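In: predicted model, plus sequence, below.
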Amino acid sequence: MTVGVRTAHTADLDPAELRAVRALLDAAFDGDYDDDDWEHALGGMHVLVSDEQGLAAHGSVIQRRARYRKRWLRVGYVEGVGVRADVRRQGLGGRVMAEVERIIDRAYDLGALSASDDGAPLYAARGWRLWRGRLCGLGPRGVVRLRDDQDCTYVRPAAAGDLDFKRKLVFDWRDGDVL
């Protein structure tokens with residue numbers, strides 16, 4: 001299988017490419033990928049892996065902010081990682097993540113992502129570590145606990161420096177996260 005890897009900002013993807021990414025993610029998440037999820041994947045850098053049949057894998061890195069102790073960190077948050085069903089377990093997710101990690105390591109204070117049950121082994125195998133501390137979001141009503149993300153948020157230690165993974169992280173608010 002011949003594959004090509006392309007990295008581009010959302011602004012550089014044409015409407016057809018964006019439709020292809022959304023279709024890939026809808027299929028990869030078995031219909032459990034909503035408009036909020038899609039919105040979260042936009043506005044940053046996309047990693048697109050293509051083969052002879054078209055788009056085979058995708059992941060994006062968008063900027064978020066997270067408060068750790070008394071400082072706000074610039075976070076490269078990983079969104080929309082998916083691989084077409086017919087080419088899973090062939091290393092394409094790893095190719096996406098290698099480029100995602102390069103972007104995070106060069107541009108952000110910290111890398112973070114919320115893993116699905118299917119995706120968690122990939123991230124753990126690549127050295128991402130589960131955040132054990134309390135996770136919160138700064139919402140319209142103040143700081144609220146993000147219980148749904150508590151046992152599935154991973155952080156990239158190479159970019160994390162000397163963080164204590166048992167402390168609280170407070171992420172910026174965005175639609176779909178904090179109700």
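Out: On my side now, so go ahead. Residues are numbered from 1 along each chain as shown.

In: okay, CA-based contacts and neighbour counts for the rest of this
Out: Will do.

In: please read off the pLDDT at residue 144 from the model.
Out: pLDDT recorded at residue 144 is 81.

In: helix or strand for it, which one?
Out: Element membership for residue 144, per DSSP states H and E: strand 142-145.

In: over to residue 104?
Out: Counting by DSSP H and E, residue 104 is found in helix 92-107.

In: what packs against that helix?
Out: Helix 92-107 sits against strand 45-51, strand 54-68, strand 71-83, strand 110-114, helix 157-160, with contacts defined as 3 or more CA pairs under 8 Å, 6 or more residues apart in numbering; DSSP states H and E.

In: partner strands of the fourth one and their direction?
Out: Using DSSP bridges, the strands paired with strand 110-114 in its sheet are strand 71-83 (parallel), strand 153-156 (antiparallel).

In: if you average pLDDT over each of those, which is lowest?
Out: Lowest mean pLDDT of the strands paired with strand 110-114: strand 153-156, a mean of 92.

In: for the helix holding residue 104, buried residues please.
Out: 92, 93, 94, 95, 96, 97, 99, 100, 101, 103, 104, 105 (16 or more other CA atoms under 10 Å).

In: immediately after the helix or strand of the chain with the lowest mean pLDDT, which helix or strand?
Out: Lowest by mean pLDDT, DSSP states H and E among the helices and strands of the chain is helix 157-160, with a mean of 59. As assigned by DSSP H and E, the chain's next helix or strand after helix 157-160 is strand 169-172.

In: what strands flank that next one, and is each parallel or antiparallel?
Out: Taking DSSP bridges as the criterion, strand 169-172 pairs within the sheet with strand 54-68 (antiparallel), strand 135-139 (parallel).

In: as CSV, could you dump the C-alpha coordinates of the shortest one?
Out: The reference is to strand 135-139. Extracted C-alpha coordinates of strand 135-139, given in CSV (Å, rounded to 0.1, in the frame of the first residue of the first chain):
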residue,chain,number,x,y,z
LEU,A,135,-10.1,17.4,35.3
CYS,A,136,-12.2,20.5,35.1
GLY,A,137,-13.5,23.0,32.6
LEU,A,138,-13.9,26.7,32.9
GLY,A,139,-17.6,27.0,31.9
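
In: that strand: how far from the chain's middle?
Out: Distance of strand 135-139 from its chain centroid, counting by CA atoms, centre = their mean, to the nearest Å, is 17 Å.

In: same question, the first one
Out: Distance, stretch centre to chain centre, for strand 54-68: 4 Å (CA atoms, centre = their mean).

In: restricting to C-alpha, output it in CSV.
Out: Extracted C-alpha coordinates of strand 54-68, given in CSV (Å, rounded to 0.1, in the frame of the first residue of the first chain):
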residue,chain,number,x,y,z
GLY,A,54,-8.5,8.3,-0.9
LEU,A,55,-8.4,9.5,2.6
ALA,A,56,-7.3,6.6,4.9
ALA,A,57,-6.6,8.3,8.3
HIS,A,58,-6.8,11.7,10.0
GLY,A,59,-5.9,13.6,13.1
SER,A,60,-5.8,17.2,14.1
VAL,A,61,-4.1,19.4,16.7
ILE,A,62,-5.9,22.5,17.9
GLN,A,63,-4.9,25.0,20.5
ARG,A,64,-6.5,25.0,23.9
ARG,A,65,-5.5,26.4,27.2
ALA,A,66,-5.3,24.6,30.5
ARG,A,67,-4.6,26.0,34.0
TYR,A,68,-2.1,24.0,36.0
